[in-house]
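>>> fold the following, please.
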Amino acid sequence: MNALLDHLSPADLEAFRRFQAAADSYSHVVTEMELEMNQTTQLSVSNKPTFEQLMNRAVELGTVAGKGKDTQVQFALSVFEAAYHGLIDLTENKHGQGVDDAQKLTEAYVMAQGSATVFDAKASNQRKSTSWTRTYIKAGMWPKGGTGEPLYTANTMVNIRQKLRSDPANAKKLCDANEAFLKF
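Numbering: from 1, shown residues only. From the prediction side, this is the model:
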């Protein structure tokens, strides 16, 4: 290669060196791009929420509930979906002595409702809320029914309830959405 370079004019030699430098930098870019592509393809992108995102959602819904809006069914559906995806379960003492996912989520939801709210896991109303949350988790973890179940059934139930509620004659006969979902 050096023998060929000796026969080039100074202008051609300079052009060759610029070409070689450009080719070297290009190969470096290609190598970096290949590395990024390999890393990207090895990572699995998931739509599954994280526990932190679920806790943030519980706080968000609790804050809205503290302002007088009914968000119980939205909270229930969030917990149900997280259980379906395997994000939460009924493992005891997962977050400390006597604290499982249901109690942790319920506490975040209740505490966000107002600054004067105190969460006491042994109080009857908080025990009831935690029990409901455990029921949503248990239903979301239901292993039978095939692909998409039980989410499909829950979605169908909510849609049917909304259609029934749109008729004024039926609206007063229906129980609230959270109770309907709990009975489901």
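>>> so how far is the helix or strand where residue 59 lies off the chain centroid?
According to DSSP states H and E, residue 59 maps onto helix 51-66. In terms of Cα atoms, centre = their mean, to the nearest Å, the centre of helix 51-66 is found 12 Å from the chain centre.
>>> equivalent analysis for stretch 118-130, please.
With Cα atoms, centre = their mean as the basis, stretch 118-130 stands 25 Å off its chain's centre.
>>> run through who's touching it.
Stretch 118-130 has contacts (Cβ atoms under 8 Å, 6 or more residues apart in numbering) with 98, 99, 102, 103, 106, 107, 109, 110, 111. All C-beta atoms are positioned from the backbone trio N, CA, C, and that covers glycine.
>>> got the angle between the strand or helix carrying the fifth one and helix 51-66?
Think residue 106. Residue 106 belongs to helix 101-111 when assigned by DSSP H and E. Angle, helix 101-111 to helix 51-66, by axes from the mean of the first three to the mean of the last three Cα atoms, to 10 degrees: 40 degrees.
>>> report the rounded mean pLDDT for helix 101-111.
Taken as a whole, helix 101-111 has a mean pLDDT of 89.
>>> mind giving me the packing neighbours of that helix?
For helix 101-111, the packing partners by 3 or more Cβ pairs under 8 Å, 6 or more residues apart in numbering; DSSP states H and E come out as helix 51-66, helix 72-84, helix 124-140.
>>> try 6 Å
Counting contacts by 3 or more Cβ pairs under 6 Å, 6 or more residues apart in numbering; DSSP states H and E, helix 101-111 packs against helix 51-66, helix 124-140.
>>> next one: it to chain centre, how far?
On the basis of Cα atoms, centre = their mean, helix 101-111 sits 16 Å off its chain's mean C-alpha point.
>>> list of residues touching that helix?
Contacts made with helix 101-111 from outside it, assessed by Cβ atoms under 6 Å, 6 or more residues apart in numbering, are listed as 55, 58-59, 62, 75, 88, 95, 117, 119, 121, 129-130, 133-134, 137.
>>> restrict it to CA atoms and write it as CSV.
Output in CSV follows, covering the C-alpha atoms of helix 101-111 (Å, rounded to 0.1, in the frame of the first residue of the first chain):
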residue,chain,number,x,y,z
ASP,A,101,-49.4,-4.7,48.0
ALA,A,102,-53.0,-4.1,48.7
GLN,A,103,-52.4,-2.3,52.0
LYS,A,104,-49.6,-0.2,50.4
LEU,A,105,-51.8,0.9,47.5
THR,A,106,-54.8,1.6,49.7
GLU,A,107,-52.7,3.6,52.0
ALA,A,108,-51.4,5.8,49.1
TYR,A,109,-54.9,6.2,47.8
VAL,A,110,-56.4,7.2,51.2
MET,A,111,-53.5,9.4,52.3
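>>> right, I'll leave it there.
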